[in-house]
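> This is a predicted model, with the sequence first.
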Amino acid sequence: MQPAARLVPLVAALHGAAGVAVAASAAHIEHSDNLATASQFLMIHAAAGLGLAALAQTRPGARGPIVVGLAMQAGVTLFAGDLCARGFGYGRLFPMAAPIGGSLTLLAWLALAGVFAAAFFTRPPPPQSR
């Protein structure tokens, strides 16, 4: 397994753990809409990251699921990180962090459609005749 392929499930597991921690925090902080949203994004994308890692294992050499997974994880980290910073009262992560992260996440989901199209809707090459 290539190093980048190992990174996707690792980050997915960290997103899952962070999602649980942020959800617990949101339950104890009033007006924590940002934290609740961040938790949902982290948990949903943790599952998506694990799914992409599994897909990559079924298609050795295919880089699409790994590239999409890394882009999705980077976007969610920025988006949820900015929401958490605001939810815990620290202000923004940096200007435009949430929109950049959200846009990257959206683009990753659209790219995933392309990965699925390439993987499942292209015809395999014809068998070689001897």
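Looks like it arrived, so ask away.
> Contacts for stretch 30-50, please.
8-9, 11-13, 15-16, 18-20, 22-23, 25-26, 29, 69, 72-73, 76, 79-81, 83-84, 86-88, 105 (C-beta atoms under 8 Å, 6 or more residues apart in numbering). Every C-beta, even on glycine, is put in place using the N, C-alpha and C of the backbone.
> how about a cut-off of 6 Å?
8-9, 12, 15-16, 18-19, 22-23, 25-26, 69, 72-73, 76, 80, 83-84, 86-87 (C-beta atoms under 6 Å, 6 or more residues apart in numbering).
> per-residue confidence averaged over that stretch?
Across stretch 30-50, pLDDT averages out at 94.
> Tell me the buried residues in that stretch?
Buried positions in stretch 30-50, judged by neighbour count with 16 or more other C-beta atoms under 10 Å: 32, 34-39, 41-43, 45-46, 48-50.
> Now intersect those with the strands, please.
Applying DSSP state E to these, no entry is found in strands.
> now for these, which pair is the farthest apart?
Of all pairs drawn from the buried residues of stretch 30-50, the greatest distance, 26.2 Å, lies between Ser32 and Leu50 (C-beta to C-beta).
> pLDDT below threshold where in this protein?
1, 123-125, 130 (pLDDT under 70).
> which residues in it form strands?
Under DSSP E, the chain gives no strands.
> which residues in it form helices?
3-28, 33-58, 64-87, 97-120 (DSSP state H).
> can I get the ones you listed in CSV with distance to Pro127?
Below are the helices of the chain laid out as CSV (distance: least, C-beta to C-beta, whole Å):
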stretch, distance to Pro127
helix 3-28, 29
helix 33-58, 21
helix 64-87, 24
helix 97-120, 19
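> Could you look over the ones you listed and pick the most buried one?
helix 64-87 (a mean of 22; mean count of other C-beta atoms under 10 Å).
> what's the angle from that one to helix 3-28?
30 degrees (axes from the mean of the first three to the mean of the last three C-alpha atoms, to 10 degrees).
> For helix 64-87, name the packing helices and strands.
helix 3-28, helix 33-58, helix 97-120 (3 or more C-beta pairs under 6 Å, 6 or more residues apart in numbering; DSSP states H and E).
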